[in-house]
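*Asks:* sequence first, then the predicted structure:
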Amino acid sequence: MIKISKFLFLALFVFAACTSDNGGEEPISGSENSFDRKAMLANWADNIIVPSFENFASSTQDLQEKTNSFTINPSEENLVQLRSAYKKAYLDFQTVSMFEIGKAEELNYRNFLNTYPSDVSTMVNEIESGSYNLSLPSTYNEQGFPALDFLINGLADSDQEIVSKYSSEEYKSYLLDVSKRINSLTIEVNASWQGTFRDNFVNNTSSSSTGSVDKFTNDYVLYFEKFLRSGKIGFPAGVFTGEPSPGNVEALYSQDLSRELYIKSVKSVQDFFNGKYYGSNQTGLSYKQYLDYLDSMKDGQILSTLINNQFGTILSQATGLDQSLKSQVQTNNTEMLQAFDELQKEVILLKVDMMQALSISVDYVDSDGD
Amino acid sequence: MRLQINKYFNSYTEAVPLAVFRLFFGSMMLASIIRFWLNGWIEKLYISPKFFFSYYGFEWLKPLGDFTYLIFMLCGVSAFFVAIGYKYRLFIISFFLSFTYIELMDKTTYLNHYYFISILSFLMIFLPANAYFSLDAWKDPKKAFQQIPAWCIDSLKLLLAIVYFYAGLAKLNSDWLLRAMPLKIWLPSKYDLPFLGDLMQQEWVHYAFSWSGMLYDLTIPFLLLWRKTRFFAFLLVVLFHVMTRVLFPIGMFPYIMIVSALIFFSPKLHHKFISKISSFFGIKKSKFDNSLRLVFQPVKRQIFLSVVAVFFIIQIFLPWRYLAYPGELFWTEEGFRFSWRVMLMEKAGYSQFKIVDSETGKRFYVDNSDFLTPFQEKQMSFQPDFMLQYAHFLAEHFRKSGHKNIEVYVENYVALNGRKSAPYIDPDINLLNFDDSFKYKSFILPFQDEIKGL
């Protein structure tokens, strides 16, 4: 008995000793003994998520104020002002839409703010009857930015005609309600990050499926796959039906905005991946650094480099698209399908390679393993 | 030689280890079923999905909607009666059937552990586990025996030995031993374990765990068999399984294996245990200690021994069936299941199915979440037999909704043990040209690396 236990210990010792001179398997420089996940969560929260929401909250506040001015005094001049506030807020929304966790998740924040296409005929009926309840999930497609887009860009062909619609009190109050709701939901989410949720998020360093890293990563990848790849490109290009449907683009009624929104969201996802602070070029801990720490060498290349290169490919392909993705679908849908293919490659890198390297499982079912 | 074999099959031993085994097995199975139920997994895994992945040849076997709960109830009740040894043969058969039915409903949930329980309960049908310390033996003294044929206990030891030894053999490959994969991926993610978290980040720990795991699996059956090392071996069993419990989401299995290993201990220890239980429950243990010997009737003995012999021949050869397939086993997974290949791979995939109208060339992609749960999608995305079945299901679905001239293609990437994801299924092959079978699946693209070893 003693002999065998000695043998086992010796064996363990020898293997342990042998492995240290295993060429090429050394962790890359800069990484210490362990990766500080709490510091990564803190960087995400303090330098990216919270400042992004703060900035977005000021945009939605401005949006509400501009809406207010427009409804008090519906003029073409005020309409132009409102449009520019709308555009700024919609672009800023792309920097927070991927953070559907905590309060945002509880509220179904993204669904309320950005479900498109809007159900325009129902919306018009409700405006004219004056009976609607925007807090119902059944009204996702009657509010948020897509509804606002219709109300300030799609109601009529000319600005003059649009402005004339707002002589009616029903239209005024609906428009104001939509703006207010965008702002109030945002205030709520922003407040939870300013309050206790930030600490809950950062302190929940558990490696289980309910831990922040695990849960957030699932949300992050889901956002990229479903809302960015499928939502912004896939559905309008008709990849899931075989029928291109230009009516499914984001910001359908603002002719020149959809590509900009798409690019902004891709950049936001990439910046997050690299741990880039909001509104600054400084970087902190995020997936890139985590992957580098875990030494994920792929094909002689570093996985984080492959992912960043693919982001680069996506963005450079995007610059070749029409400013209006709607007319891109109508004139040359092949470019849209190409955009989808490039996004698809990134989905595989994120969902298969990155999540495997981080040992985060894709499903939420906590069933037993082997 | 022949004489020795005859002598062996006519040798007898105390029945008490088998009775203790029955008691633990039944209780643990009951606990497992209750745990499964309380976790809401019956609903989540067998009732809410719209589609189920069948084993080849068992396509007719499906969950029964809300009646699925009845199967679980039957299984739990059977486990309870097995534990107390009431109408043992009837209930071990109904346990085996209900448990196996549950496992066959959807191969998404396949685990070697479940397979182990299935075949173990099958083997137990042929063992007189109610001869001692059971309600059957208590009520009917004609059924009570203190001694049973030695092979009855040895067959359980043999099954456990096969499980461990084959699990050890499966670890003799370059990914496990030379790259410390997949532990190198799994262990660092356990950073939040008290005391061990930082250690899990060390590369040498990954190698030490890989090698000691392999040595443990290969040697533990022998260490348990040999009297001198038995106690030490049992400590190792406890240490090993507690460790796996701490590190991995592995459910009840570690406890089942720890308790099963008790079968290797002498009857003396088991008698002590039964005495404790007896005095606790106020049962007269002496009623079972009748020194009688259970001698099977010749015909029954012949049948039982033949079945058990065939069972073990299958168990010994089945894990080698992968040799009949070309390509890397870990990649194709042809012959992977039912072979004690436990915790060997970190494998993940992504599959985008494409429905094409062969006449017009019109095509569209499928949103898998329309049909599959996230768990099913995950399992489907790296296993070719799943994808084939799903492709046929999709064709049927879209045919019903009016599509014509359907062809189904899949763009599929798989990453294995930390390698970069690579194309897995030939994207230019219409999957409808293939039916599921045990034949080599030629639509799997070759593995771009090499894994040496068994």
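*Replies:* Perfect, thanks for sending it.
*Asks:* for residue 270, list the residues it contacts.
*Replies:* With no chain named, the answer covers chain A. Residue A:270 makes contacts with A:308, A:311, A:315, as judged by C-beta atoms under 8 Å, 6 or more residues apart in numbering or on different chains. Just so you know, the C-beta spots here come from the backbone N, C-alpha and C atoms, and that holds for glycine as well.
*Asks:* wrong one, chain B
*Replies:* So residue B:270 contacts B:14, B:16, B:17, B:19, B:20, B:262 (C-beta under 8 Å, 6+ apart).
*Asks:* remind me which residues of the chain are low pLDDT?
*Replies:* Since you didn't name a chain, this refers to chain A. Scanning chain A for pLDDT under 70 picks out A:1-33, A:296-300, A:363-370.
*Asks:* please enumerate the strands of it.
*Replies:* With DSSP state E as the criterion, chain A has strands at A:297-298, A:301-302.
*Asks:* show me the residue sitting in the middle of chain A in space.
*Replies:* Geometric centre of chain A, nearest residue: residue A:98, 2.6 Å, by C-alpha atoms, centre = their mean.
*Asks:* identify the residue nearest that one in space, chain neighbours excluded?
*Replies:* Distances taken as C-beta to C-beta, 6 or more residues apart in numbering or on different chains place residue A:223 nearest to residue A:98, at 4.1 Å, with adjacent residues excluded.
*Asks:* the one you found against residue A:266, yeah?
*Replies:* No: in this structure residue A:223 lies outside contact range of residue A:266 using C-beta atoms under 8 Å: 11.4 Å.
*Asks:* what does the stretch 1-150 of chain B have sitting close to chain A?
*Replies:* B:39, B:41, B:44, B:45, B:109, B:111, B:112, B:113 (C-beta under 8 Å from any C-beta of the partner chain).
*Asks:* can I assume the fourth one is in contact with residue B:107?
*Replies:* Yep, that's residue B:45 we're talking about. No: Residue B:45 is beyond contact range of residue B:107, at 11.6 Å (criterion: C-beta under 8 Å).
*Asks:* more neighbours: which of those two?
*Replies:* Shown here are residue B:45 and residue B:107; by other C-beta atoms under 10 Å in any protein chain shown, residue B:45 has more neighbours (24 against 20).
*Asks:* neighbours of the residue nearest to the more buried one when sequence neighbours are not counted, just the number please.
*Replies:* Computed as C-beta to C-beta, 6+ apart, the closest residue to residue B:45 that is not its neighbour in sequence is residue B:109, at 5.8 Å. The local packing of residue B:109 (other C-beta under 10 Å) involves 20 other residues.
*Asks:* against residue B:52, how distant is residue B:109?
*Replies:* Distance, residue B:109 to residue B:52, using C-beta to C-beta, to the nearest Å: 10 Å.
*Asks:* kindly report the same for residue B:434.
*Replies:* Per C-beta to C-beta, residue B:434 is found 20 Å from residue B:52.
*Asks:* what about the two, which has more around it?
*Replies:* Each of residue B:434 and residue B:52 has its neighbours counted (other C-beta under 10 Å); residue B:52 has more, 21 against 16.
*Asks:* domain ranges for the chain?
*Replies:* All of this refers to chain A. In terms of domains, chain A is parsed into A:35-205, A:207-359 (source: automatic domain parsing).
*Asks:* try again with chain B
*Replies:* B:2-170+B:265-321, B:352-454.
*Asks:* let me have those domains in JSON lines, extended by mean pLDDT.
*Replies:* Shown next, in JSON lines, are those (pLDDT from 0 to 100):
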{"stretch": "domain B:2-170+B:265-321", "mean pLDDT": "95"}
{"stretch": "domain B:352-454", "mean pLDDT": "94"}
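*Asks:* redo those domains as CSV? Include distance to residue A:162.
*Replies:* What follows is the domains of chain B, written out as CSV (distance: least, C-beta to C-beta, whole Å):
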stretch, distance to residue A:162
domain B:2-170+B:265-321, 45
domain B:352-454, 36
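*Asks:* ok, which of those domains comes nearest residue A:232?
*Replies:* With C-beta to C-beta as the criterion, residue A:232 lies closest to domain B:352-454 of the domains of chain B, at 15.4 Å.
*Asks:* can you redo the domains of chain A as CSV with distance to residue B:180?
*Replies:* Listed next are these as CSV, based on distance: least, C-beta to C-beta, whole Å:
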stretch, distance to residue B:180
domain A:35-205, 18
domain A:207-359, 12
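*Asks:* between those, which gets nearest to residue B:277?
*Replies:* domain A:207-359 (36.2 Å).
*Asks:* for stretch A:75-94, which positions count as buried?
*Replies:* Applying a neighbour-count criterion of 16 or more other C-beta atoms under 10 Å in any protein chain shown, one finds A:78-79, A:81-83, A:85-94 buried in stretch A:75-94.
*Asks:* restricted to helices, list those residues.
*Replies:* Counting by DSSP state H, those place A:78-79, A:81-83, A:85-93 in helices.
*Asks:* just these now: which is nearest residue A:282?
*Replies:* For those, the residue nearest residue A:282 by C-beta to C-beta is residue A:92; the value is 19.7 Å.
*Asks:* roughly how far apart are that closest one and residue A:56?
*Replies:* Separation of residue A:92 from residue A:56 (C-beta to C-beta): 5 Å.
*Asks:* cool, residue A:190 as well?
*Replies:* Residue A:190 is 8 Å from residue A:56, by C-beta to C-beta.
*Asks:* repeat that for residue B:435.
*Replies:* Using C-beta to C-beta, residue B:435 is found at 53 Å from residue A:56.
*Asks:* and for residue B:182?
*Replies:* Distance from residue B:182 to residue A:56, by C-beta to C-beta: 40 Å.
*Asks:* ok, residue B:220 next?
*Replies:* To residue A:56, residue B:220 is 58 Å away according to C-beta to C-beta.
*Asks:* related to what we said a few turns ago, narrow the contacts of residue A:270 to those in helices?
*Replies:* The helices, defined by DSSP H, take in A:308, A:311, A:315 from the contacts of residue A:270.
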